[in-house]
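Asker: Mind looking at a prediction? Sequence and model below.
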Amino acid sequence: MLAAVRSATLFGVEGRPVTVEVHVATGLPAFQIVGLPDEACRESRDRVRAAVLSSGLSWPSCRVTVNLAPSSQRKGGSGLDLPIAVGFLAANGQVPLEAIEGLGFIGELGLDGALRTVSGIAPMVAAMRPARPVVATSGFREAQGVVGDDARVAGTLRDLVDALNADAPWPRPPDDEFVDTDEPPPDLADVRGQGMARKALEVAAAGGHHLLLVGPPGSGKTMLAQRIPGLLPSLAPDVSLQATMIHSAAGVRLPAGGLVRRAPFRAPHHSSSMVSLVGGGSTALRPGEISLAHGGVLFLDELGEFAPVVLDAMRQPLEEGVIRLARARASATLPARFLLVAATNPCPCGGGPPGACECDEAARLRYLRRLSGPLLDRFDLRVGVMRPGVDDLLASGGGEPTAVVVERVARARACAMARIGMLNADIPPSLLDSLAPLHPTARLRLREQLEAEQLTGRGYHRVRRVARTIADLDGAGEEVLEEHVVTALQLRVRLRVSSRERVA
């Protein structure tokens, strides 16, 4: 007999529908899987046979052929264990064929018949629509985030077979309450002093502007960066679903509710390889850190210690919001729209108080040349951070808390979205004159910067976008004033390379 079961497999961050066709015939006992399976799929035959027998079901002496359609696409992972087992049981009459119509199955089988969840439940469940998904009990919350309460669960293969045969009701999904175990982001009130850096955080969060913090060790760069996620609003429904699918595909633990609703914060180590950062791999195109930061913040501490080729690989995703991976046998497009926050020391020794630097001009030049000009030009905000003074550290109370700043950020974001439907950092250059008109004195100030070659053409556009955000935070009118341009220029410091040369 022949049975066809719906399922899905994972490719990149996307689920791809798969039809598992199982043919059972008389002949020499054999179990063969075709349709470009990977090693994990080939091993399914041993897991499935052991699970069937351990569940008290029969495995007759027969020839079993499993085809994973479409046969032209490579299939991977152990999530096809369950559909293969269900297809086998339906093909030899232990489960009625009509019982599996309209259902899709995803799950790994243990040798004892236990049903286990796998990475990528969310995108695979979405790919199986309109079929009703059947997943392991531990994967219900993840499936629920995509299809709601339409998902069905089972703890063991035996429970599933009894439900399909109507010998027992479907197992109840877990009814435990959502418990948010994630700690809230740290509060901005903990930061002492650092007035300009705090302003930069607020502008970056309000306008989606990339931020570079430059300062010696102990100046609070990491502490500042860790507080940006608390200034960002909850993810929009479409972005939340994308972020959930990315985290699911990468095997990252999801929140208790099944959906990623808070802005993610990713902070990879400076020794990270290019593949770990941008994604990819030889067979499965796994999402990297820039995709895991989609909708949130990617923090690169010790920016000067990252390999230059790794940093330059981010230039295209920063502009387009996606990363396109191409391999000999496959290609994939992964979402990668994030807020980039980076921190670096001014020199190899870290700098410090005036006169404390031990590096010569050649060492500083080599250190900063690891950061290419095109990459630095993509930071709208570049702020120098100094160690807080004694009075700031000993003062009672802190600055404005996150709860106060986040309200201004929300108002500025709402103003930008109502104006054009995007954040100010994404305003096209052709629309700057209409969306960010300059007061005559503000235009004169920018003209002086351009004539003095203190700004490039791209830098000019970025300063105007930052000034637009500052005006929105101040609640000003549609015209950008000189004071907004001056503040934007103060938030774009130039990195000193030598006494004669500077990097813009």
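Answerer: Everything's here; your move. What you see is a predicted model; the values in this text were computed from it and never measured. Numbering: from 1, shown residues only.

Asker: quick check: longest strand of the protein.
Answerer: strand 14-25 (DSSP state E).

Asker: Give me the contact list for that strand.
Answerer: Contacts of strand 14-25 with the rest of the structure, by Cβ atoms under 8 Å, 6 or more residues apart in numbering, involve 1-10, 62-70, 73, 75, 80, 83-84, 87-88, 90-92, 120, 123-128, 245, 332. Glycine gets a C-beta too; all of them are placed from N, C-alpha and C.

Asker: Quickly run through the sheet partners of it, with directions.
Answerer: strand 2-11 (antiparallel), strand 63-69 (antiparallel) (DSSP bridges).

Asker: Nearest to V493, out of those strands?
Answerer: Minimum separation from V493 across these (Cβ to Cβ) falls at strand 2-11, 43.6 Å.

Asker: centre of the chain versus that closest one, how much separation?
Answerer: Computed by Cα atoms, centre = their mean, to the nearest Å, the chain-centroid distance of strand 2-11 equals 27 Å.

Asker: where does the chain dip in pLDDT?
Answerer: Under the criterion pLDDT under 70, the flagged ranges of the chain are 176-182, 282-283, 351-356, 396-398, 494-504.

Asker: Weed out the non-buried ones from the contacts of strand 14-25.
Answerer: 3-10, 62, 64-68, 75, 80, 83-84, 87-88, 90-92, 120, 123-128, 245, 332 (16 or more other Cβ atoms under 10 Å).

Asker: Mark out where each domain of this protein begins and ends.
Answerer: Listed by automatic domain parsing, the domain ranges of the chain are 2-164, 188-503.

Asker: Just name the most buried of those.
Answerer: Ranked by mean neighbour count, those are led by domain 2-164 with a mean of 20 (mean count of other Cβ atoms under 10 Å).

Asker: What's the end-to-end length of that domain?
Answerer: For domain 2-164, the first-to-last residue distance is 17 Å (Cα to Cα, to the nearest Å).

Asker: And for stretch 287-303?
Answerer: End-to-end distance for stretch 287-303, by Cα to Cα: 21 Å.

Asker: mind listing what the residue positioned nearest the centre of the chain touches?
Answerer: A centroid search over the chain (Cα atoms, centre = their mean) returns L292, at 2.2 Å, as the residue closest to the centre. Residues near L292 by Cβ under 8 Å, 6+ apart: 246-247, 250, 252, 264, 266.

Asker: at 6 Å instead, please
Answerer: Counting by Cβ atoms under 6 Å, 6 or more residues apart in numbering, L292 touches R266.

Asker: ditto for L339
Answerer: By Cβ under 6 Å, 6+ apart, the contact set of L339 is V297.

Asker: Beta-bridge partners for it, please?
Answerer: On the basis of DSSP bridges, L339 is bridged to V297.

Asker: How about P17?
Answerer: Beta-bridge partners, per DSSP bridges, of P17: A8.

Asker: before we move on, back to that, export the strands paired with strand 14-25 as CSV, with columns for distance to P287.
Answerer: Shown next, in CSV, are the strands paired with strand 14-25 (distance: least, Cβ to Cβ, whole Å):
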stretch, distance to P287
strand 2-11, 11
strand 63-69, 23
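
Asker: what's the closest of those strands to I427?
Answerer: Smallest distance to I427 across the strands paired with strand 14-25 (Cβ to Cβ): 34.4 Å, for strand 2-11.

Asker: what's the closest one in contact with?
Answerer: Here strand 2-11 has contacts from 15-23, 75, 77, 80, 83, 86-87, 90-91, 104-106, 120, 124, 127-128, 131, 249, using Cβ under 6 Å, 6+ apart.

Asker: can you do 7 Å?
Answerer: Contacts to strand 2-11, defined as Cβ atoms under 7 Å, 6 or more residues apart in numbering, come from residues 15-23, 75-77, 79-80, 83, 86-87, 90-91, 97, 100, 103-106, 120, 123-124, 127-128, 131, 249, 285, 332.

Asker: out of those residues, which are inside strands?
Answerer: Residues of the contacts of strand 2-11 located in strands (DSSP E): 15-23, 103-105, 332.

Asker: Tell me the first helix or strand C-terminal of the host helix or strand of V409.
Answerer: Using DSSP states H and E, the element containing V409 is helix 402-420. Counting by DSSP H and E, the element after helix 402-420 in chain order, helix or strand, is helix 432-435.

Asker: Would you mind writing the CA trace of the helix or strand just after that following helix as CSV?
Answerer: Proceeding C-terminally, helix 432-435 gives way to helix 440-451 as the next helix or strand, assigned by DSSP H and E. Provided in CSV are the C-alpha atoms of helix 440-451 (Å, rounded to 0.1, in the frame of the first residue of the first chain):
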residue,chain,number,x,y,z
PRO,A,440,18.8,78.9,6.3
THR,A,441,21.2,79.0,9.2
ALA,A,442,21.3,75.2,9.4
ARG,A,443,22.0,75.0,5.7
LEU,A,444,24.8,77.5,6.1
ARG,A,445,26.4,75.4,8.9
LEU,A,446,26.4,72.3,6.8
ARG,A,447,27.8,74.2,3.8
GLU,A,448,30.7,75.2,6.0
GLN,A,449,31.4,71.6,6.9
LEU,A,450,31.3,70.5,3.3
GLU,A,451,33.6,73.2,2.1
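
Asker: I'd like to know which elements helix 440-451 is packed against.
Answerer: helix 457-474, helix 482-490 (3 or more Cβ pairs under 7 Å, 6 or more residues apart in numbering; DSSP states H and E).

Asker: got these as JSON lines, with distance to D112 columns?
Answerer: As requested, the helices and strands packed on helix 440-451 are exported to JSON lines (distance: least, Cβ to Cβ, whole Å):
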{"stretch": "helix 457-474", "distance to D112": "58"}
{"stretch": "helix 482-490", "distance to D112": "64"}
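
Asker: what about those helices, which gets the closest to L259?
Answerer: helix 457-474 (28.7 Å).

Asker: can you give me how far the longest strand of the chain is from the chain middle?
Answerer: Centroid displacement of strand 14-25 relative to its chain, using Cα atoms, centre = their mean, is 30 Å.

Asker: Going toward the C-terminus from it, what's the next helix or strand?
Answerer: Remark: after strand 14-25, the chain's next helix or strand is strand 30-34, criterion DSSP H and E.

Asker: now for that following strand, which elements pack on it?
Answerer: Using 3+ Cβ pairs under 7 Å, 6+ apart, strand 30-34 is in contact with helix 44-54, strand 63-69.

Asker: CA atoms of the last one as CSV?
Answerer: Okay, so that is strand 63-69. These are the backbone C-alpha positions of strand 63-69, laid out as CSV (Å, rounded to 0.1, in the frame of the first residue of the first chain):
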residue,chain,number,x,y,z
ARG,A,63,10.0,-3.9,1.8
VAL,A,64,9.6,-0.3,2.7
THR,A,65,10.5,2.6,0.3
VAL,A,66,10.3,6.2,1.5
ASN,A,67,10.4,9.1,-1.0
LEU,A,68,10.8,12.6,0.2
ALA,A,69,9.2,14.8,-2.4
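
Asker: quick one, that strand and strand 30-34 angle?
Answerer: If you take axes from the mean of the first three to the mean of the last three Cα atoms, to 10 degrees, strand 63-69 sits at 10 degrees to strand 30-34.

Asker: same check, this time on the first one
Answerer: Computed by the same axes, to 10 degrees, the angle separating helix 44-54 from strand 30-34 equals 130 degrees.

Asker: hmm, who's touching helix 44-54?
Answerer: By Cβ under 7 Å, 6+ apart, helix 44-54 touches 31, 33, 59, 78, 80-81, 84-85, 88, 109-113, 157.

Asker: Distance from the chain centre to that helix, please.
Answerer: Chain-centre distance of helix 44-54: 36 Å, with Cα atoms, centre = their mean.

Asker: Verify the contact between S240 and V260 for me.
Answerer: Yes. With contact defined as Cβ atoms under 7 Å, S240 and V260 form a contacting pair (5.9 Å).

Asker: rewinding a little: go through the helices and strands packed on helix 440-451 and name the closest to P173.
Answerer: Closest approach to P173 among these (Cβ to Cβ): helix 457-474, 44.5 Å.
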